[in-house]
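Q: Return a 3D structure for these sequence lines:
(one chain, ligands or ions: 1)
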Amino acid sequence: MARNGLLLPFALLTAFIGGGPAMATHPPDLGAYHTYDELTTELASLAAAYPTRAQRISIGHGWEMLGEFGQRQIWALKISSDVDKTEAKPEIVLVGNHHAREWISVEVPLAIGRHLLDNYATNPAVREVVDSKVVWIIPMLNPDGHAYSATTNRCWRKNRRNNGDGTFGVDPNRNYGYQWGLASGSSGTTSVDSYRGPFAFSEPETQAFRDFLRSRSNLRAVISYHSYTQAFLRPWSYTLDFAPGNPPPPAEPLLKDLSDELRSRLQSVHGQVYKDCLFQADREPSGACRSPPHYEASGEMADWIHHEFNIPAFTIEVRPLSSSTWPASHSCPGFELPESEITPTVEENLAAAMRLIHYAQPGDIMIRDHAGDTGAVPSSTLTPSGWSPVFWLSPDIWSDPPVPIRGDPATVTARVHNLSSSPIAGVTVQIWYTDPSITTEFPSPYATLLGQGVIALPASGTAEFSVPWSVPSTPNSVGEHHWCVGVVIKHPTDLPLSTQAIYSNNVAFHNFVPAELTISPQALRFEARNTATIDMDFDVRVTTDRLPPSWRVVLDPGRPKVLKPGQRYLGFAQVAIPAGASAGEGTVSIHGVLTPHHPGVRRPIGSGVTYRVRYVPPDRLPAEELGLIRSHEDLLKGQQRLLEKLGTVYTEVLTTRGMSDDRAVKLAEELQTLVRRQADRIDSFEDFLRRAEKPRPKQP
Ligand SMILES: [Zn+2]
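A: Model prediction:
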């Protein structure tokens, strides 16, 4: 390869190298591998050759001061059509050479970048990528270390920090800020190859990469190239022991799907197997690894990126498979990949990278988050008045019955859309349910898979998939009857990159509030509590579904209009059914709404309860129902006590609102009257029960 090295004066160089033999007076020719200077020139010439599609940008620099030549830059090549105008496009980052001696890890992302630029005019797949995404190529994150490996110590791994104790270098891939500093998978000893540095993000290289990633607005996935051993690593790397204190990341099922698909694409090129057994999740149930080796690394890049951005981040160890074929005379067995293997290594990794880049654009199969969802992401945005549009009631997920009944079986159905004009077979549909206070991301180890199947989608059409659901009779972890049914759809050409519904049109969910089956039309209980630290305006909204038209829902007129911090209100509504009405049923939802009692803040919060109300006239009551009604008598008596208590609650509310004593007493008396009237109604209901229990005349 043409030499573009700068001629550096020897005296200057000896001022900053530490240990080892004196380096050459100029960077040597590394043959087909790029030196830092050659990379600098090549990226500049690519940007010059394709000015509308490529830019060379420095995102930072290394430690070493090179006098009049400045510091070595960490170069990024930004690739996209209309490279100056890319705001809305999904962004993917391919980074190489965290570790100095892993020269092949420079060549892989660089060659992928060159492929995207050179083949834009002739290759439709490349054109699609460059038109619709931004691909960032950062071939050499550790240019100081690379130069030291090229000139002085072929097997140098770290950067070139002067540790001040006669040793040099921090391992950049142990310096990231998630789970940094663990004794396992990194070292606190400065002389060791996996020295993690004095603190997280202590190094200019990791700071530069961190700040670059944080400045991206549309980041979707990151691959970091390393060598060797031919393996895909995915978070978490900090532990090999996922249970019980170190659970896998919530997105593990998604990451596993992606890793398997990318490895299979890679293998299809030259038949090379890249292993997938570096983490606990990939071991046999016995704990044995399906194919060694194990690997543990704390403060590692992919862990931090996945934790920080909740996106897929992979570390790919490329060729060779092992160092066993190297003669002992080699200075750095395993890292000295023969030049003849550069091209096949690039080719197989290009296939995997193109697959991941492809997934960054919403694909042809989709499930909607709301009625207006076109498949673009994000499908909803946070506005001053809340998320808009609402994305937690997917119209493509429903249950039968429409309001599930607590403790009863239901059927949930997902509808999948095909946005393309060709049929798509082999679409996997998974239907999950969760406690939404634990997660609303799918797939997830913290969700329950209700079932999955494979369906075929007609051209530009839809298909449905259903599973049975045993609706829980018990409340969720925060005491609410509130469950989230999530759906994940996937196809080898269209895997989700996110477990979050708004960021993937392959993921959607629908929140359900299962109804309580009640046979008491008299009192529907509900509770409101102000858990905030400020006064809240209190309102009650009632919605009904298929209630017989002559039935009316009556709310207690004495309910408070404001709830103080910590104040709890136990309320009830009644379903008034006209005398002589025939049997009927319907659904009543009572929703408490709390709005901050504060000028300028109008974001209501609240939750509700849904009742299934069924009425059977006394003379039509089957005998088996009487037992059920009888079992509700104790409940009714409890409600009577509650009603008495209610009068006290009202009095407290009125007093705290600063009313005059006379007015408060008068209102309290009115409320007591109301309470007595309610109690009378309960008495009359008990009369009704007694009447209903009388033996009915036998049918002739
Ligand atoms: Zn490495």
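Q: Kindly report the residues of the stretch 101-250 of the chain close to the ion.
A: For the stretch 101-250 of the chain, the residues found near the ion under the criterion Cβ under 5 Å from the ion are 102, 226. Using the backbone N, CA and C atoms, a C-beta is placed for each residue, glycine as well.
Q: Show the contacting residues for residue 494.
A: Taking Cβ atoms under 8 Å, 6 or more residues apart in numbering as the criterion, residue 494 is in contact with 359, 363-365, 506.
Q: ignore the last one, residue 235
A: Counting by Cβ under 8 Å, 6+ apart, residue 235 makes contact with 249, 255, 302-303, 306-307, 313.
Q: Mind putting those into TSV with secondary structure?
A: Listed next are these as TSV, based on DSSP: H, G, I helix; E, B strand; the rest coil:
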residue	secondary structure
249	coil
255	helix
302	helix
303	helix
306	helix
307	helix
313	strand
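Q: re earlier: using pLDDT, spot the least trustworthy of the contacts of residue 494.
A: Across these, no position has a lower pLDDT than residue 363, which has 86.
Q: pretty sure it contacts residue 493?
A: Yes. Counting by Cβ atoms under 8 Å, residue 363 does reach residue 493; the two are 6.4 Å apart.
Q: Tell me which of these two has more neighbours.
A: The neighbour count for residue 363 versus residue 493, taken as other Cβ atoms under 10 Å, is higher for residue 363 (22 against 16).
Q: Contact residues of this structure facing the ion?
A: Of all the residues in the chain, those lying near the ion are 99, 102, 226, going by Cβ under 5 Å from the ion.
Q: Apply 6 Å and report the result again.
A: Contact residues, the chain versus the ion (Cβ under 6 Å from the ion): 98-99, 102, 226.
Q: Tell me which entries of those residues lie within strands.
A: Among these, DSSP state E puts residue 226 in strands.
Q: In this protein, spot the strand with the most residues.
A: If you go by DSSP E, the chain has its longest strand at strand 584-596.
Q: Off-centre distance for it?
A: Distance of strand 584-596 from its chain centroid, counting by Cα atoms, centre = their mean, to the nearest Å, is 31 Å.
Q: In CSV, could you pull the C-alpha coordinates for that strand?
A: What follows is the C-alpha trace of strand 584-596 in CSV, where atoms were taken according to Å, rounded to 0.1, in the frame of the first residue of the first chain:
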residue,chain,number,x,y,z
GLY,A,584,-79.9,-7.1,31.2
GLU,A,585,-76.2,-6.5,31.5
GLY,A,586,-73.6,-4.0,30.5
THR,A,587,-70.2,-2.6,31.4
VAL,A,588,-69.6,0.4,33.6
SER,A,589,-66.1,1.9,33.9
ILE,A,590,-65.5,4.5,36.7
HIS,A,591,-62.3,6.5,36.1
GLY,A,592,-60.9,8.8,38.8
VAL,A,593,-59.1,11.8,37.3
LEU,A,594,-56.7,13.9,39.4
THR,A,595,-55.4,17.2,37.9
PRO,A,596,-52.8,19.3,39.7
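Q: Check which helices and strands it sits against.
A: strand 524-529, strand 536-545, strand 568-576, strand 608-615 (3 or more Cβ pairs under 8 Å, 6 or more residues apart in numbering; DSSP states H and E).
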